[in-house]
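Chemist: using only what follows, build the 3D model:
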Amino acid sequence: MKPLAMLWSIDTVKTSSFVRITAVSIFSLSLFLFLFLFTRFSPNNYSSSLAFFSSSSSSSSSGEAPSPEESPPRPPPPVKIFRVPPLPPVERMGMLDGNGVMTEDFKVGELDPGFEDDLLNDTVSGGDGGGGGGGVVVRKKVGKYKVCDVRMVDYVPCLDNEKAIKELKGDRGERYERHCPEKGMGLNCLVPRPKGYRKPILWPKSRDEVWFSNVPHTRLVEDKGGQNWISIKKDKFVFPGGGTQFIHGANKYLDQISEMVPDIAFGHKTRVALDVGCGVASFGAFSMQRNVTTLSIAPKDVHENQIQFALERGVPAMVAVFGTHRLLFPSQAFDLIHCSRCRINWTRDDGILLLEANRLLRAGGYFVWAAQPVYKHEESLQEQWKEMENLTASICWELVRKEGYIAIWQKPMNNSCYLSREIDAHPPLCESDDDPDNVWYVGLKACITPLPSNGYGANVTEWPLRLHQPPDRLHSIQLDAIISRGELLRADTKYWYEIIGSYVRAFRWDEYHLRNVMDMRAGFGGVAAALHDLHIDCWVMNVVPVSGFNTLPVIYDRGLIGVMHDWCEPFDTYPRTYDLLHAAGLFSVEKKRKKCNISTIMLEMDRMLRPGGRVYIRDTTLVIFELEEIATALGWSNALNDVGEGPYSSWKILRSEKRF
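Modeler: Prediction:
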């Protein structure tokens, strides 16, 4: 029997009924334990759970029914079911996702009431405009600029100030120097173009001919037509390439100079030249094909449009004069200075003008003088030649060659000649505290600018190596960097090469046919170097603003050209002379100075820009939006682009085109 009982027990366990009963029992026990624990530790039902537990346990333990006097046991409380509400949809208010990756589909949120109106009206909350706290600065919307009177077609503000010129009493060239309009009296309209103005002829064809309607002035043809300077042929001006002293052409003239002094080595040792009293700049035009960048200068005199002709041809040029102030170039800027019948009395006032040329001439550089006193034997002219001989000897220049109508001197490489002179020799050396690179409205000085004892400026390498080799003078200019200046210049060069390269690729600069380019805040000349390396056939006027470090010596040591300038004043060039104006960080700097309104700078840019020319401005976002509004008022067509750092950078690019 015992085995049968065991067999029955095993069979009973295996039945489905037993399994179901067991499962129900386990579930009931689990439910009871859950309710017990829940009510036990629920703060709201702590006391009732104790009562429930006490009564149930006593009755179950005794096994007796409750007495009639006792209250019946409380029913168990209803089971509370807590439902978790669904999470609201995530609204991403930041620029980063959960993984820290920058995205573009973020939500900014609601704007404050009235913010859009303030933005449209260009209202800025904050400082009082003078550095104090509080207040609101309101910049009114810029209205469309009107066109100036037709008589201002060739207006150069600081050189056409008739009121200031009439009040001058001197006769040393002051009337050809800068006399800018007083504050509030400057240009406030768009300079018109000549009637029949046409798109300029492209380089290199423009070297030999330009449209008559673009520079409709015949004075030079009347005065210089017989000297092979310029002539009129149908609807064009034609430039045969001659000059007063080289009527057979600039090319043969340059060959003659090279034969006289082979060590000049155009395009290698001689890379940067200055042509004084340039005429229509044929010397500079033809020296470019020898890898020489010649800056041609002349005053706005009776032949006032000679610089305008030079720029229309596509030759580096600006209006400047040897008068009473230093020219706006650094010391030791030019490898060669050329004067061919430039109508300058170099020996007047104790040779003060030749001493300025000496300041500009690089150590070991050459001064080429083609003039009547060199070859004519008239008594008055021979007297002038003798004065020139004495003056050049007193400043230690060596007459290396005199042939025909050309004389060539060389400046010493160091100070040994200066120091070997008598103590009371004349002219004296300049004072030790004189900065030869300080040129903004600095008067001429009748003294010899000594050369740096460390040889800076004299030991530049030959072209084209000098473009990328950090020059020694990099260590002498005032900069924030101290020991890493060479690396700083290399990094700047690489930086601008990448940026200008992206412009060439993305915006097709190679299709712009650029020729006359200005970098309005040039730094070390990185933009100009990049354009050269990218084979864009143009020249660049590197402008170093007075508001920053004076890097002009480095620019010239690299084999580039440039000028010092304050952008709160107009630039000394004719209207419609540049194809491209580039400005990086210029406006945010000038705005902080609070010396002038940035709209005046934009208006000056319009004056300098050729119809169809372009403007590229890199600056902070807030400034760019303001400039875009001004550009629209000027009638330019505009486009905003992100910089390489992306759409969330604090900088943007404004690209504008002056409508033709």
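
Chemist: could you find the closest non-adjacent residue to Asp301?
Modeler: Tyr176 (6.2 Å; CB to CB, 6 or more residues apart in numbering). Glycine gets a C-beta too; all of them are placed from N, C-alpha and C.

Chemist: where does that neighbour fall, phi/psi-wise?
Modeler: Per-residue torsions, Tyr176: phi -100, psi 0 (degrees, to the nearest 10).

Chemist: for Glu590, grab phi and psi.
Modeler: Taking degrees, to the nearest 10, you get phi -70, psi -30 for the backbone angles of Glu590.

Chemist: need the pLDDT of Val137.
Modeler: For Val137, the pLDDT comes out at 41.

Chemist: typo on my end, Ile653
Modeler: pLDDT, read off for Ile653, is 97.

Chemist: one more: Met413?
Modeler: pLDDT, Met413: 97.

Chemist: quick one: Lys402 is in a strand?
Modeler: Yes: under DSSP: H, G, I helix; E, B strand; the rest coil, Lys402 sits within a strand.

Chemist: what about it, how many residues close to it?
Modeler: If you count neighbours by other CB atoms under 10 Å, Lys402 ends up with 16.

Chemist: now the residue nearest to Ala333 when sequence neighbours are not counted: how far from Cys278?
Modeler: Excluding the flanking residues, the one nearest Ala333 by CB to CB, 6+ apart is Tyr556, at 4.4 Å. Separation of Tyr556 from Cys278 (CB to CB, to the nearest Å) stands at 18 Å.

Chemist: now swap in Phe524 and tell me
Modeler: 27 Å.

Chemist: repeat that for Ile617.
Modeler: Taking CB to CB, one finds Ile617 at 31 Å from Cys278.

Chemist: please identify the helix or strand for the closest residue to Tyr253 other than its chain neighbours.
Modeler: Leaving aside its chain neighbours, Tyr253 sits nearest to Phe246 (3.5 Å; criterion: CB to CB, 6+ apart). Secondary structure from DSSP states H and E places Phe246 outside every helix and strand.

Chemist: need the pLDDT of Phe246.
Modeler: pLDDT at Phe246 comes out at 80.

Chemist: run a quick neighbour tally on it.
Modeler: Around Phe246 there are 25 residues (other CB under 10 Å).

Chemist: distance of it relative to Ser340?
Modeler: In terms of CB to CB, Phe246 sits 7 Å off from Ser340.

Chemist: tell me where the stretch 501-650 of the chain has helices.
Modeler: 526-533, 552-557, 586-593, 598-608, 621-633 (DSSP state H, counting those that start in this stretch).

Chemist: can you list contacts of the first one?
Modeler: Contacts with helix 526-533, where a contact means CB atoms under 8 Å, 6 or more residues apart in numbering, come from 467-468, 492-493, 495-497, 499-501, 514, 517, 519, 522, 538, 540, 542, 555, 558, 560, 582, 584.

Chemist: which neighbours do Phe246 and Ser340 share?
Modeler: Phe283, Ala370.

Chemist: Tyr253: neighbouring residues, count only.
Modeler: Applying other CB under 10 Å, I find that Tyr253 has 25 neighbouring residues.

Chemist: Glu645 too?
Modeler: Neighbour count for Glu645, taken as other CB under 10 Å: 9.

Chemist: which intervals of this protein have sub-threshold pLDDT?
Modeler: 1-25, 27-140, 225-226, 482-483 (pLDDT under 70).

Chemist: so who does the residue nearest to Ser206 when sequence neighbours are not counted touch?
Modeler: Closest residue in space to Ser206, ignoring its immediate chain neighbours: Gly314 at 4.8 Å, by CB to CB, 6+ apart. Gly314 is in contact with Trp203, Pro204, Ser206, Arg207, Arg515, Asn516, Trp539, counting by CB under 8 Å, 6+ apart.

Chemist: change it to 7 Å
Modeler: Gly314 makes contact with Trp203, Ser206, Arg207, Arg515, Asn516, according to CB atoms under 7 Å, 6 or more residues apart in numbering.

Chemist: what does Gly457 give?
Modeler: Neighbours of Gly457 in contact, by CB under 7 Å, 6+ apart: Gln332, Arg362, Ala363, Arg473, Asp557.

Chemist: and if we set it to 10 Å?
Modeler: If you count contacts by CB atoms under 10 Å, 6 or more residues apart in numbering, Gly457 has them with 330-333, 362-365, 436, 451, 471-473, 476, 553, 556-557.

Chemist: next one: Ala273
Modeler: Ala273 neighbours (CB under 10 Å, 6+ apart): 264, 266, 283-284, 287, 292-296, 316, 334-338, 365-366, 368, 561.

Chemist: hmm, try it at 7 Å
Modeler: So Ala273 contacts Ser287, Val292, Thr294, Phe334, Asp335, Leu336, His338 (CB under 7 Å, 6+ apart).

Chemist: and the third one, what element?
Modeler: Element membership of Thr294, judged by DSSP H and E, is strand 293-298.

Chemist: the residue nearest to Ser206 and Glu209, how far apart?
Modeler: On the measure of CB to CB, Gly314 and Glu209 end up 11 Å apart.

Chemist: equivalent analysis for Ile352, please.
Modeler: Counting by CB to CB - Ile352 and Glu209 are separated by 40 Å.

Chemist: which one's more surrounded, those two?
Modeler: Ile352 (19 against 15).

Chemist: now the more buried one: closest residue in space, sequence neighbours ignored.
Modeler: Ala446 (4.5 Å).

Chemist: ok, the one you found - contacts?
Modeler: Asp349, Asp350, Gly351, Ile352, Leu355, Pro427.

Chemist: so for the helix or strand containing the second one, what gets flagged as buried?
Modeler: In this case it means Asp350. Using DSSP H and E, Asp350 falls within helix 348-360. Buried positions in helix 348-360, judged by neighbour count with 16 or more other CB atoms under 10 Å: Gly351, Ile352, Leu353, Leu354, Leu355, Glu356, Ala357, Asn358, Arg359, Leu360.

Chemist: got it, and stretch 431-439?
Modeler: Pro436, Asp437, Val439.

Chemist: for the first one, which three-state class applies?
Modeler: Of the three states, Pro436 takes coil under three-state DSSP.

Chemist: go ahead and confirm it touches Arg359.
Modeler: Yes: using CB atoms under 7 Å, Pro436 is in contact with Arg359, at 5.6 Å.

Chemist: okay, and the common contacts of these two?
Modeler: Counting by CB under 7 Å, 6+ apart, the residues touching both Pro436 and Arg359 are Ser331, Thr449.

Chemist: against Val460, how distant is the residue nearest to Ile352?
Modeler: 28 Å.

Chemist: hey, where'd the strands end up in the stretch 151-300 of the chain?
Modeler: 209-211, 231-233, 236-238, 272-276, 293-298 (DSSP state E, counting those that start in this stretch).

Chemist: now do the longest one against helix 526-533, angle only.
Modeler: Read it as strand 293-298. Using axes from the mean of the first three to the mean of the last three CA atoms, to 10 degrees, the inter-axis angle of strand 293-298 relative to helix 526-533 is 120 degrees.

Chemist: which helices and strands does strand 293-298 pack with?
Modeler: For strand 293-298, the elements it packs on are strand 272-276, helix 282-287, helix 306-313, strand 317-319, judged by 3 or more CB pairs under 7 Å, 6 or more residues apart in numbering; DSSP states H and E.

Chemist: name the residues that touch the shortest one?
Modeler: This points to strand 317-319. 156, 159, 278, 281, 296-300, 307, 310-311, 563, 572-573.

Chemist: how does it look with 6 Å?
Modeler: Ala281, Ser296, Lys300, Ile307, Ala310, Leu311, Asp572, Thr573 (CB atoms under 6 Å, 6 or more residues apart in numbering).

Chemist: thought the fifth one was touching Thr294?
Modeler: Yep, that's Ala310 we're talking about. No: using CB atoms under 6 Å, Ala310 is not in contact with Thr294, being 10.2 Å away.
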